[in-house]
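**Student:** quick one, fold the following:
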Amino acid sequence: MGCGSSTASPVHSNSVEKRTGDKQNQNQHTRAQDSFKDEDEGFEEEFSDGMLGLSTEEQYHQIIRSLGPGELFEDSEFPPNMSSLFFDPKQPIKAKVIWMRPQEILGKDGEAQLITDGVTRDDIKQGILGDCWFLSSCAAVSQRGQLMSKIIMDNQVLSGPSYKGILRFRFWRFGEWVQVIIDDRLPTVKGKLIYGQSTDPKEFWVALIEKAYAKLHGSYEALEGGITMDALVDLTGGLAERYELTDYNPALYKLILRAQKAGAFVACSRKGDWRRATKADANGLIPGHAYTVTDIAQIKHKMGEEKLLRIRNPWGDATEWRGSWSDNDRNWKWVDEETKKKIQQESKDDGEFWISFKDFYHQFGEVTICLLGPDFDGDGISDQIGHTEMVRGEWILGHSTGGSRNNLVKFATNDQYLLTITDPDDFNHETDDAESEGKSNIVISLMQEHRRSKANVKVKSFQIGFFIYKTEDTRHKLSVKHFRFHPDVGKTNCYVNFREVSGRFELEPGNYVIIPTTFLEDCPAHFMLRVFGEKKFSLKGPLMPAPAPL
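**Tutor:** Predicted coordinates for the structure are as follows:
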């Protein structure tokens, strides 16, 4: 069994510690060259563009009308052959793959269903495909039923009079929800599903959502080794942040706790080469593997207190943490039954386990938190956890492809966007840090559009990043002179070829300019800038160049 979670150095200044306005350090950065990281191994961005196989509602109804009595849909765009499995259709395989519909797989053992008894995290079981980054994200999102009903459209059946062999799924791509249509033929070996599947053999939503996501990317192989952050965004339209777990910092526990209370989705992964992650270490954890954070709790027991996290392995089996606070660990004897019942502590070989926060920090490499903005989950109800603004832009060759600050003259040609913060966040003198008073906590995300591939071939994204500067002019772009003599007030740590980079910043009320850029000059592409905050703010642009002096 493969894993498929890619980990890397942090993309942005996402330190759990509060940002300080260290002017000396900021000035040192303006004199240093901007750097980049080229993540060459295992990322989704190396694969096909992730915008393949999109369909409209009208196309769906045309297909339905075209099917005769008893005729089942066969998807010619994602056919049941090697081209849908691999980049190279000629790639040799050891076993004979036969594509079967759910009822054919089930046979006389029951009636195939898309969903039985609702969608839960316990449904998900990973197959031989290294896409734990996607399945762990599905497990996180499955805890929000209204959102899953947006992804898995209602009134879809796998048997009965209205069965047509066609299904629809929705994913969020570059600022909008898109629809993917598939048939229900699934790859099997000896009558068994080889990729993602449900723990209930009669239920097929896991296998089919995985197929739809594979079609979106061009093949199943395109899902090998991706980034949890990307999958969470694709499933929610949320704003994701990645935190690398380096030096121990207890403040991260509060951050995860606040995220859980706010309805955010949290996932984590271990460092390591996912290509070799076919078995667990002696401690029960798998290198290079993605997991879901399903709960967080601080409990009292006879020996004191403990901060715990509940983690789920998408393998959905006995491959679990074996250390302190694992299922059958002796520490649980100090915990009363009422507490264990409250946090749903169970000893089951289901891939889910509790782990202390200290062990979690030591054993895992990164945490991804996906925040939902007002009505981001599409249920028609504001989630009451903040405000979001979004603008789309383009790096246009010869006009706005200025690259990094290594050439300030060219850098000044990049488009600039005005962020206006009117009010600081609400402040609690008992729980909030004193240095946060009077400031607004802002998350900024820069996403580049998927670059279209002509076939199932690997493509790479540009190294991207952004800078934030204070400004007094709300109409015009900042000049080269401004960049030479004024430090930035925030930035991504370095440029990296991820689909999306983000950062969290504490800013005082005022006007700021955000400058999204590629590392290299002359890299044309579309991009999207999103900003998330607790209080309402405005995001406008691009700004106009300042008039030339007379």
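**Student:** show me what contacts the closest residue to Leu186 other than its chain neighbours?
**Tutor:** Leaving aside its sequence neighbours, Leu186 sits nearest to Ala207 (C-beta to C-beta, 6 or more residues apart in numbering; 5.3 Å). From N, CA and C alone the C-beta is placed, and that goes for glycine too. Under the criterion of C-beta atoms under 8 Å, 6 or more residues apart in numbering, the neighbours of Ala207 are Pro102, Leu186, Leu193, Tyr195, Gly196, Gln197, Ser198.
**Student:** I'd like to know which of those residues are buried.
**Tutor:** For those, a burial check counting by 16 or more other C-beta atoms under 10 Å picks out Pro102, Leu186, Leu193, Tyr195, Gly196, Gln197, Ser198.
**Student:** so which of those residues are in strands?
**Tutor:** Leu186, Leu193, Gln197, Ser198 (DSSP state E).
**Student:** which of those residues lies closest to Ser269?
**Tutor:** Within these, the smallest distance to Ser269 is 21.6 Å, found for Gln197 (C-beta to C-beta).
**Student:** what is the closest one paired to in the beta sheet?
**Tutor:** On the basis of DSSP bridges, Gln197 is bridged to Lys125.
**Student:** give the helix, strand or coil label for Tyr361.
**Tutor:** helix (DSSP: H, G, I helix; E, B strand; the rest coil).
**Student:** and Asp88, how close does it get to Ser219?
**Tutor:** Plainly put, Asp88 is 10 Å away from Ser219 if you go by C-beta to C-beta, to the nearest Å.
**Student:** and what of Asp34?
**Tutor:** Distance from Asp34 to Ser219, by C-beta to C-beta: 35 Å.
**Student:** cool, and Ala280?
**Tutor:** In terms of C-beta to C-beta, Ala280 sits 28 Å off from Ser219.
**Student:** give me the residues contacting stretch 319-329.
**Tutor:** 280, 282-286, 306, 308, 311, 313, 331-332, 346-349, 351-356, 359, 363.
**Student:** out of those residues, which are inside helices?
**Tutor:** Using DSSP state H, Asp359, Gln363 are the members of the contacts of stretch 319-329 that sit in helices.
**Student:** where along this structure do the helices fall?
**Tutor:** So, for the chain - with DSSP H - the helices run 23-31, 57-66, 82-85, 102-106, 132-141, 145-151, 205-217, 228-236, 251-261, 337-342, 357-363, 408-411, 480-485.
**Student:** where does this structure dip in pLDDT?
**Tutor:** 1-33, 35-51, 274-278, 373-385, 451-459, 550 (pLDDT under 70).
**Student:** find the centremost residue of it, please.
**Tutor:** When the chain is reduced to its mean C-alpha position, the closest residue under C-alpha atoms, centre = their mean turns out to be Met229, at 2.3 Å.
**Student:** ok, now which ones touch the nearest residue in space to that one that is not next to it in sequence?
**Tutor:** Nearest residue to Met229, sequence neighbours excluded (C-beta to C-beta, 6+ apart): Ala240, at 4.2 Å. By C-beta under 8 Å, 6+ apart, Ala240 lies in contact with Met229, Asp230, Leu232, Val233, Thr368, Ile369, Cys370, Leu371, Ser445, Glu500, Ser502.
**Student:** in TSV, list those residues along with distance to Glu74.
**Tutor:** Converted to TSV, the contacts of Ala240 look like this (distance: C-beta to C-beta, whole Å):
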residue	distance to Glu74
Met229	35
Asp230	30
Leu232	32
Val233	31
Thr368	37
Ile369	41
Cys370	35
Leu371	40
Ser445	39
Glu500	35
Ser502	41
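**Student:** among these, which ones are buried?
**Tutor:** Buried, going by 16+ other C-beta under 10 Å: Met229, Asp230, Leu232, Val233, Thr368, Ile369, Cys370, Leu371, Ser445, Glu500, Ser502, out of these.
**Student:** distance of the first one from Pro424?
**Tutor:** For Met229, the distance to Pro424 under the criterion C-beta to C-beta works out to 28 Å.
**Student:** same question, the second one
**Tutor:** With the distance defined as C-beta to C-beta, Asp230 ends up 32 Å from Pro424.
**Student:** the last one too?
**Tutor:** Summarising the geometry, the distance separating Ser502 from Pro424, computed by C-beta to C-beta, is 21 Å.
**Student:** might one say that Leu418 is in contact with Gly541?
**Tutor:** Yes: between Leu418 and Gly541 there is a contact under C-beta atoms under 8 Å: 5.4 Å.
**Student:** more neighbours, the two?
**Tutor:** Leu418 (20 against 17; other C-beta atoms under 10 Å).
**Student:** next up, the contacts around the residue lying closest to that one once chain neighbours are set aside.
**Tutor:** With C-beta to C-beta, 6+ apart as the criterion, Leu418 has its nearest non-adjacent residue at 4.8 Å, and that residue is Lys540. When contacts are counted by C-beta under 8 Å, 6+ apart, Lys540 touches Val391, Tyr417, Leu418, Thr420.
**Student:** farthest-apart pair in these, please.
**Tutor:** Val391 and Thr420, at 13.2 Å, using C-beta to C-beta across these.
**Student:** give the residues shared as contacts by those two.
**Tutor:** Leu539, Lys540.
**Student:** is there a neighbour count for the nearest residue to Gly53 once chain neighbours are set aside? I'd like the number.
**Tutor:** Nearest residue to Gly53, sequence neighbours excluded (C-beta to C-beta, 6+ apart): Lys215, at 4.3 Å. If you count neighbours by other C-beta under 10 Å, Lys215 ends up with 23.
**Student:** Lys215 and Ile182 touch, don't they?
**Tutor:** Yes: with contact defined as C-beta under 8 Å, Lys215 reaches Ile182; the gap is 5.7 Å.
**Student:** hey, what's in contact with both of these two?
**Tutor:** Contacts common to Lys215 and Ile182, judged by C-beta under 8 Å, 6+ apart, are Gly53, Asp75, Phe78.
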